[in-house]
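Chemist: Here is a sequence with its predicted model. Questions after.
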Amino acid sequence: MPKVPVYYYSSVSNLTGRFAEHLAAVDGRPVFNLADAMVRRREAGGPWVLLTPSYKAGNADEVTLPAPVRSFLRSPMNRRRLIGIIGSGNRNFGVYYQAAARQLAQLSGRPVLFEFELSGTPEDVERCVEILDRLDAAVAAG
């Protein structure tokens with residue numbers, strides 16, 4: 001059964017990137033880094049999931065969604081094919097924890113499939129793989 005790809009963005013800390021790499025290693029899931037301009041400029045070939053960090057740390061005027069994610073979502077086709085969101089965050093952000101994933105879910109009408117803190121735990125990776133495997137089955141069933 002084909003696996004729905006995960007497109008992700010990770011800053012220089014690579015916390016979100018490590019989680020994406022674990023998904024690829026544990027599950028064989030295709031992951032694509034939106035920090036790569038070539039990835040950002042293309043359109044997803046079918047249904048896809050976004051893995052995004054949140055950067056809002058207490059300033060209400062701060063933009064929560066990273067610029068490379070916003071760039072990828074400028075494509076109407078990419079917005080249409082987005083089927084779910086995974087959020088990465090830091091609980092130190094308080095009410096802004098997972099702000100990017102939650103705001104995008106509200107704006108797009110797509111569900112937040114999973115949330116984790118920092119680079120996640122092995123248990124977080126296992127749980128996310130289970131969720132994505134069920135999503136693969138649902139997509140395959142049409």
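Modeler: Cool, got the structure. Numbering: from 1, shown residues only.
Chemist: Dead centre of the protein: give me the residue that sits there.
Modeler: Centroid-nearest residue in the chain: Leu51, 1.1 Å away (criterion: CA atoms, centre = their mean).
Chemist: How about the contacts made by Arg81?
Modeler: 43-44, 46-48 (CB atoms under 8 Å, 6 or more residues apart in numbering). For every residue, glycine as well, the C-beta is placed using N, CA and C.
Chemist: 7 Å instead, please
Modeler: 44, 46-48 (CB atoms under 7 Å, 6 or more residues apart in numbering).
Chemist: Sort out for me which of the residues you listed are in strands.
Modeler: Trp48 (DSSP state E).
Chemist: between the contacts of Arg81, which has the most around it?
Modeler: Ala44 (22 neighbours; other CB atoms under 10 Å).
Chemist: a strand runs through Ile83, doesn't it?
Modeler: Yes - judged by DSSP: H, G, I helix; E, B strand; the rest coil, Ile83 forms part of a strand.
Chemist: what about it, distance to Phe116?
Modeler: As judged by CB to CB, to the nearest Å, Ile83 and Phe116 stand 19 Å apart.
Chemist: before we move on, back to that, which elements pack onto the helix or strand harbouring the residue nearest to the centre of the chain?
Modeler: Using DSSP states H and E, Leu51 sits in strand 48-53. Packing contacts for strand 48-53, counted by 3 or more CB pairs under 7 Å, 6 or more residues apart in numbering; DSSP states H and E, involve strand 6-8, helix 15-27, strand 82-89, helix 99-108.
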